[in-house]
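A.B. asks: what follows is a predicted structure for the sequence shown.
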Amino acid sequence: MSWKNILLRKDWIHNRTRNILSSLSILLGVAVIIATAITIASSKSAFLQMLGAQNSGADLLAVSVPEEKISTAEFDYRDATIEDAFPFFSKDVYFENQGTYHSLTEMAVDFGKESACGGVALSSGRLPGKDECLVSETVKTAYGLNQGDTLTIRTESGSEKLVISGFVSNTGIATENLGKCLLTDYRNMPGLETITYKLKLKPGTDVKAEKAAIEHVVAGKYTLSYPGSKSEELTNEVNLLFGTMMGFGFLTLLLGGFLVNVTVNEYVRKMRQKLAALKVLGAVKSDIVRLVLKKSLIIGLTGALCGAVAGIGGSFGLIALVGRSLCGGMAILPVFNWDIPVGVVLGTVLFCLLVTLPAASHAAKENIIEGFHQNDGAKGISTAGMAVSGVLSVFMIAARIFTGQWLFTFAAIATSLYFVATIGLIPCARLVLRPINHFSPFNGFAVKNNFIRQKRRAVNLAVLFTFVIAIFVGITLVVSEISDSINRMEKGEYFGDAVVSTVTGQCLSADALARVCVADGVDRAYPVYQKYATIGENSVQMKGFALDVTNETRLRDYWGIDEASLRALGDPDTILLSQKVLSNQKLKVGDTVALGSGAETVTLKIIGSYTTMNNDGLSGILSEENFLKLFRSYSIRSVSVFMRDDTDFQSLKAAVERSVNDSYIQVDSSSDVQKSAAKQSAQFIMLIDCMIVVLALAGILMMVNAISMAIKNNQYSLSVMKLLGATNRNLVLQSGIEGIIYGTFSSVFGIIAGILLNLVLTSSMNKLTSFNLRPTLPAPLLIASGLGFLITALLSEMIATGLNYKVDYKSVLVQE
């Protein structure tokens with residue numbers, strides 16, 4: 001065994017706790033990155049496979065404009081490049097099973113063409129005739145259906161009965177609505193209204209050019225899109241989650257790399273005398289560099305390999321969570337591209353080697369005589385060094401302002417904190433020590449001496465703690481604001497005390513609406529006006545509001561509409577559009593937009609804008625009059641009800657059900673509807689909270705390990721104090737004082753930096769135009785964070801001292 005391996009083996013045994021903690025920090029970052037990367041790859045693969053099968057190899061999708069009712073299932077445009085066109089119609093229906101209604105998608109398809117292209121795979125039975133249907137295997141299994149069973153289907157136009165003639169596999173067209181569907185022959189569907197054609201072009205056709213040519217001819221009747229666009233839409237639904245998780249993974253890995261740097265630097269300081277002796281015995285610079293880098297390699301490779309195993313295992317749970325909670329129950333199979341874990345492991349090891357290269361170079365170049373000294377030289381920070389840190393801080397802040405890159409945000413915070421620590425840590429220490437000197441001057445003198453004589457090490461520890469606190473506070477505040485934005489969105493969407501609708505989502509009749517309004521306990525009721533309209537390429541959710549005091553307060557408090565816009569909204573032919581719609585369509589306030597088609601086209605003036613997370617930021621608001629003018633045949637599907645002060649919800653529910661006397665009517669509390677609508681977002685917030693815990697855990701590991709190593713490598717000072725009569729109690733008290741100094745400085749400036757980070761992140765996220773975050777400074781959260789990290793720093797110092805105070809000070813002094 002070579003002398004390098006003997007030294008490394010001895011170090012790993014004697015300092016295994018610190019080495020393991022360093023590897024564990026790397027493990028956390030690698031595990032999060034790999035689990036997220038595998039989940040992204042698996043989700044995208046599942047989306048593409050599902051949509052590829054569903055679209056039967058189509059090159060383009062042509063969707064008829066909703067206002068243009070289609071009377072035939074033949075695409076009325078053909079040219080030499082179109083090989084075939086498959087008709088496809090779908091609508092939401094409900095079927096009754098044991099007294100309960102369940103949502104399905106009913107599809108009308110051309111079975112001959114779909115079967116020829118693998119779009120329909122009949123698993124049993126036969127193709128349906130009139131008043132018959134096929135059912136997917138998913139529905140068959142979920143509800144215990146058999147061939148020959150009769151399904152009672154409820155639609156907006158009434159009820160119908162369909163006999164099951166067979167079952168289809170969950171492939172091709174039967175992946176619609178995640179397999180919750182039934183299929184009928186398109187020739188048996190009267191009045192198809194909106195229909196989709198899957199256009200298959202001849203081989204070698206320029207799809208982009210053909211799309212433009214068809215759009216020019218069928219403009220106003222059909223809209224064309226690429227089949228892959230739906231995959232992008234599904235992927236975009238979880239992109240925020242993926243991006244946030246990857247960010248947490250890289251931050252955790254960054255902290256882990258910083259800890260490896262600290263570990264190796266302290267290792268080099270501890271080994272100075274041994275390295276000097278090795279140089280005397282003939283070791284050259286390259287030997288020393290290889291020894292130090294090998295130490296880094298062992299820590300980084302151990303953490304990266306264990307992190308890869310943990311990340312691959314964790315990806316199963318994360319994929320299940322994404323499929324179940326964020327993709328409507330979609331079955332996502334793990335896709336393992338081994339390039340991902342191998343690349344992350346290699347990248348992590350290279351990162352660890354790079355961050356420790358300066359320490360290795362310093363160890364190799366150090367003079368032999370200096371190496372035999374117990375304490376290395378420049379432990380203070382020169383005025384020039386402080387000036388350089390200040391200039392670097394200003395440069396990073398300027399880079400962040402002019403480039404807008406998030407990477408510069410964290411770099412600017414780190415460099416600014418270092419500059420603040422160089423000029424503010426010692427004054428903070430003196431301020432804390434002033435009262436301590438009155439009851440324990442010995443400990444006060446020792447702490448002051450440590451901070452002044454070893455200012456560089458003290459500054460590094462303070463910056464480390466402060467940076468961890470800043471990231472934790474900043475991101476926690478952002479998550480709190482996202483949660484608040486979601487709650488405001490849901491409260492603005494579902495207001496009042498109850499929501500009255502039908503179990504099948506069909507229209508409420510005029511008689512039912514009148515009976516709801518006169519039911520006992522009802523104070524007032526507001527019909528819910530909501531319909532989608534197409535503006536350019538965007539499907540925009542339009543909402544209508546009666547402009548009274550209740551709705552104006554709702555729009556002001558939950559939607560963020562200003563007073564001027566509220567006043568103008570009551571004018572004829574006016575509309576408010578969300579910032580994302582304006583950005584996507586390159587519109588501005590004061591422009592006009594034409595909605596509808598044919599004789600029912602309405603030109604509306606944009607009189608204001610707002611920001612919302614609703615419908616992915618694509619939203620519009622009109623007055624009740626303008627909404628009904630735009631959607632003349634609109635049918636009301638639900639009503640928001642306010643109850644009188646002397647009524648409770650159960651009494652209100654019973655009264656409405658008695659008054660309407662319709663088995664299809666349901667009455668839900670607004671709070672329950674809000675909770676149900678926010679369930680998906682709650683999963684997202686919960687996962688982000690878990691990521692914050694992982695990040696905080698990595699930071700705490702760094703704090704304990706860094707302090708422990710600092711005390712371990714300060715054994716000479718401890719030995720001198722013991723020689724002067726210091727007891728173990730004095731040493732623990734000294735560490736507690738140092739913990740208070742670090743905790744106080746780091747908590748104060750960490751919280752300030754965290755607030756600034758929160759403001760930057762909030763501003764950046766609001767510029768995405770789908771967020772409506774309002775910066776808040778919750779005092780309980782800030783106080784709890786400050787006290788929590790103050791206690792953590794105090795305990796870290798005391799625990800680290802407890803691990804190191806049993807030192808044989810005589811042997812240490814003899815070595816000196």
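C.D. replies: Right, received. Where do you want to start?

A.B. asks: residues near the residue nearest to Ser296 when sequence neighbours are not counted, how many?
C.D. replies: Leaving aside its sequence neighbours, Ser296 sits nearest to Thr356 (CB to CB, 6 or more residues apart in numbering; 4.0 Å). In short, each C-beta sits where N, CA and C put it, glycine included. Thr356 has 26 neighbours, counted by other CB atoms under 10 Å.

A.B. asks: now do Ser539
C.D. replies: For Ser539, using other CB under 10 Å, the count is 12.

A.B. asks: next, the residue nearest to Ser296: phi, psi?
C.D. replies: Phi and psi for Thr356, reported as degrees, to the nearest 10, are phi -100, psi 0.

A.B. asks: and Arg632, by the same measure?
C.D. replies: For Arg632, the backbone dihedrals (degrees, to the nearest 10) come out as phi -70, psi -30.

A.B. asks: any idea how far Thr601 is from it?
C.D. replies: 12 Å (CB to CB, to the nearest Å).

A.B. asks: and for Asn170?
C.D. replies: Where Thr601 is concerned, Asn170 sits at a distance of 42 Å (CB to CB).

A.B. asks: ok, those two, which is more surrounded?
C.D. replies: Asn170 (20 against 11).

A.B. asks: tell me the contacts of the closest residue to Lys180 other than its chain neighbours?
C.D. replies: Spatial nearest neighbour of Lys180, chain neighbours left out: Leu104 (5.4 Å); criterion: CB to CB, 6+ apart. Contacts for Leu104 (CB atoms under 8 Å, 6 or more residues apart in numbering) come out as Asp92, Val93, Tyr94, Phe95, Val139, Asn177, Lys180, Cys181, Leu182.

A.B. asks: flag the least confident of the residues you listed.
C.D. replies: pLDDT across these is lowest for Asn177, at 65.

A.B. asks: picking that back up, hang on, the residue nearest to Lys180 in a helix?
C.D. replies: No. Using DSSP: H, G, I helix; E, B strand; the rest coil, the secondary structure at Leu104 is strand, not a helix.

A.B. asks: list the contacts of Tyr418.
C.D. replies: Listed by CB under 8 Å, 6+ apart, the contact set of Tyr418 reads Ser389, Ser393, Val459, Val463.

A.B. asks: within the helices and strands, which one has it?
C.D. replies: helix 406-439 (DSSP states H and E).

A.B. asks: okay, buried residues for that helix please.
C.D. replies: For helix 406-439, the neighbour count (16 or more other CB atoms under 10 Å) marks 408-422, 424-426, 428-429, 432-433, 436 as buried.

A.B. asks: over to stretch 645-665?
C.D. replies: Phe649, Leu652, Lys653, Ala655, Val656, Glu657, Ser659, Val660, Tyr664, Ile665.

A.B. asks: for the fifth one, phi and psi?
C.D. replies: Backbone geometry at Val656, expressed as degrees, to the nearest 10, gives phi -70, psi -40.

A.B. asks: related to what we said a few turns ago, tell me the two of the buried residues of stretch 645-665 that are most distant?
C.D. replies: Farthest pair in the buried residues of stretch 645-665 (CB to CB) is Phe649 and Tyr664. Separation: 20.3 Å.

A.B. asks: go through the contacts of Leu104 and flag which are in helices.
C.D. replies: Filtering these for membership in helices, criterion DSSP state H, returns Val139.

A.B. asks: so which of the contacts of Leu104 is the most crowded?
C.D. replies: Greatest neighbour count in the contacts of Leu104, by other CB under 10 Å, goes to Val139: 26 neighbours.

A.B. asks: if I look at it, how far off is Thr175?
C.D. replies: Counting by CB to CB - Val139 and Thr175 are separated by 13 Å.

A.B. asks: sorry, back to before: give the next helix or strand downstream of the helix holding Tyr418.
C.D. replies: helix 441-453.

A.B. asks: buried residues, that following helix. List them.
C.D. replies: Asn443, Gly444, Ala446, Val447, Lys448, Asn450, Phe451.

A.B. asks: and which of the residues you listed is nearest to Ala399?
C.D. replies: The nearest one, if we look at the buried residues of helix 441-453 relative to Ala399 and count by CB to CB, is Phe451, at 31.8 Å.

A.B. asks: where do the helices sit along the stretch 1-150 of the chain?
C.D. replies: Assigned by DSSP state H, counting those that start in this stretch, the helices in the stretch 1-150 of the chain fall at 3-14, 16-54, 111-116, 137-143.

A.B. asks: and for the stretch 501-650 of the chain?
C.D. replies: Here the stretch 501-650 of the chain has its helices, by DSSP H, counting those that start in this stretch, at 510-517, 549-557, 563-569, 579-585, 624-630, 649-660.

A.B. asks: to Leu773, which of the ones you listed lies closest?
C.D. replies: Set against Leu773 and scored by CB to CB, those come closest in helix 579-585, at 12.7 Å.

A.B. asks: give me the low-pLDDT residue ranges for the stretch 601-750 of the chain?
C.D. replies: When residues are selected by pLDDT under 70, those of the stretch 601-750 of the chain lie in 663-664, 676-728.

A.B. asks: ok, the stretch 251-400 of the chain next?
C.D. replies: Where the stretch 251-400 of the chain drops to pLDDT under 70, the residues are 251-274, 276-277, 280-281, 322-331, 366-382.

A.B. asks: all helices of it, in order?
C.D. replies: Going by DSSP H, counting those that start in this stretch, the stretch 251-400 of the chain shows helices at 272-280, 285-321, 339-365, 368-371, 383-403.

A.B. asks: so Ile319 sits right up against Pro334, yeah?
C.D. replies: Yes. Shown here, Ile319 and Pro334 form a contact pair, counting by CB atoms under 8 Å, at 5.7 Å.

A.B. asks: out of those two, which sits in the busier spot?
C.D. replies: Taking neighbours as other CB under 10 Å, Ile319 and Pro334 compare with Ile319 leading, 23 against 16.

A.B. asks: show me the helices in the stretch 701-816 of the chain, by range?
C.D. replies: 715-723, 728-766, 779-804, 809-815.

A.B. asks: burial count for Arg290?
C.D. replies: Neighbour tally, Arg290, other CB under 10 Å: 16.

A.B. asks: oh, I was asking about Val516
C.D. replies: The burial count for Val516: 22, using other CB under 10 Å.

A.B. asks: one more: the one 5 residues further on?
C.D. replies: Neighbour count of Gly521, defined by other CB under 10 Å: 22.

A.B. asks: please report how far it lies from Pro441.
C.D. replies: Distance from Gly521 to Pro441, by CB to CB: 74 Å.

A.B. asks: same check on Ile752?
C.D. replies: Using CB to CB, Ile752 is found at 32 Å from Pro441.

A.B. asks: domain ranges for the protein?
C.D. replies: What the record gives for the chain is the domain set 1-53+235-373, 56-226, 497-674, from automatic domain parsing.

A.B. asks: distance to Ala398 for those - can I get that in TSV?
C.D. replies: Output for those, formatted as TSV (distance: least, CB to CB, whole Å):
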stretch	distance to Ala398
domain 1-53+235-373	22
domain 56-226	42
domain 497-674	27
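
A.B. asks: most packed of those?
C.D. replies: Highest mean neighbour count among the domains of the chain (mean count of other CB atoms under 10 Å): domain 1-53+235-373, with a mean of 19.
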